[in-house]
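[1] I'd like to go over a predicted model; first the sequence, then the structure.
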There are 2 protein chains.
Amino acid sequence: MGEVDSAALEAACERYVSLVGDEDVDSLMDLFAPDCRVEDPVGSPVREGHDAVREFYATLPAAGVSARLCGPVHTVPDARAAAFPFEIDTAGMVMQVIDVMTFDEEGKITSMTAYWNM
Amino acid sequence: MGEVDSAALEAACERYVSLVGDEDVDSLMDLFAPDCRVEDPVGSPVREGHDAVREFYATLPAAGVSARLCGPVHTVPDARAAAFPFEIDTAGMVMQVIDVMTFDEEGKITSMTAYWNM
């Protein structure tokens, strides 16, 4: 591990946040590895694989979702992992979230786990 | 799951942050379950069990470590999990960290995984 540096992980997380809720779901999904998994929130049923994950993100534009970072992206290149705090705005309701992500050796997202409650 | 509510998880995280680096390691360790594990940072060798975890935290007071929350504690009661951003001050050097924790049915910490880099 460790071929992916901190700047690459940070850039991927920033791009992820900028694309969540965007109509351009293709660009968002380009960030994910084929074998990705999404657990949002942690403890809920896991979405496994590119198609299931795409299905999840494809619902967000119609819900009026947008996201913005609200603190530093914590990257751990040796573990190809990152965690960051951000806000989700859903039609005016703002929710605070922490996402934890893991990446493959090409810097694609292999897992996203979200920590939030209403 | 779910017997431990959001307030209990939040209180445990707040107490954890207030006790990190304190001489009173007993009170800090009272927050942990017997079978706890600590991975700090993620990807580094895991400390397993109460004794190994205690050994880790017992080194912090001499290093002049203190911690403070710098954002909300995100609790997920259904998963008995929480994540929060905080700052570690080690003899004047401040580092930003996100911790992810899991808890047992009594609200004791079963795992702590830290996300940070220098």
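    It's in. Just so we're clear, the structure is a prediction, and the values are computed from it rather than from any experiment.

[2] for the longest helix seen in chain A, packing partners?
    Determined from DSSP state H, the single longest helix within chain A is helix A:6-19. Helix A:6-19 sits against helix A:25-29, strand A:65-69, strand A:74-76, strand A:81-90, strand A:93-103, with contacts defined as 3 or more Cβ pairs under 8 Å, 6 or more residues apart in numbering or on different chains; DSSP states H and E. For glycine as for every other residue, the C-beta is placed from the backbone atoms N, C-alpha and C.

[3] up against chain B, what does chain A have?
    Contact residues, chain A versus chain B (Cβ under 8 Å from any Cβ of the partner chain): A:1, A:6, A:41-44, A:70-72, A:74-85, A:96-98, A:100, A:115-117.

[4] from these, list the buried ones, please.
    Neighbour counting over the residues of chain A next to chain B (16 or more other Cβ atoms under 10 Å in any protein chain shown) leaves A:6, A:41-43, A:70-71, A:74-77, A:79-85, A:96-98, A:100, A:115-117 as the buried ones.

[5] what about the nearest residue to A:His50 once chain neighbours are set aside, which SS state?
    Leaving aside its chain neighbours, A:His50 sits nearest to A:Pro34 (5.3 Å; criterion: Cβ to Cβ, 6 or more residues apart in numbering or on different chains). Under DSSP: H, G, I helix; E, B strand; the rest coil, the three-state class of A:Pro34 is strand.

[6] the one 10 residues further on now?
    With three-state DSSP as the basis, the three-state label of A:Ser44 is coil.

[7] for it, what are phi and psi?
    A:Ser44 adopts backbone torsions of phi -90, psi 170, taken as degrees, to the nearest 10.

[8] could you do A:Trp116 as well?
    phi -160, psi 160.

[9] which ones are touching it?
    A:41, A:88, A:95-98, B:74, B:76 (Cβ atoms under 8 Å, 6 or more residues apart in numbering or on different chains).

[10] report pLDDT for it.
    pLDDT for A:Trp116: 94.

[11] hang on, the earlier thing: the residue nearest to A:His50 contacts A:Asp51, correct?
    No: if you go by Cβ atoms under 8 Å, A:Pro34 and A:Asp51 don't touch, sitting 9.7 Å apart.

[12] what stretches of chain A score poorly on pLDDT?
    Scanning chain A for pLDDT under 70 picks out the ranges A:1-2, A:118.
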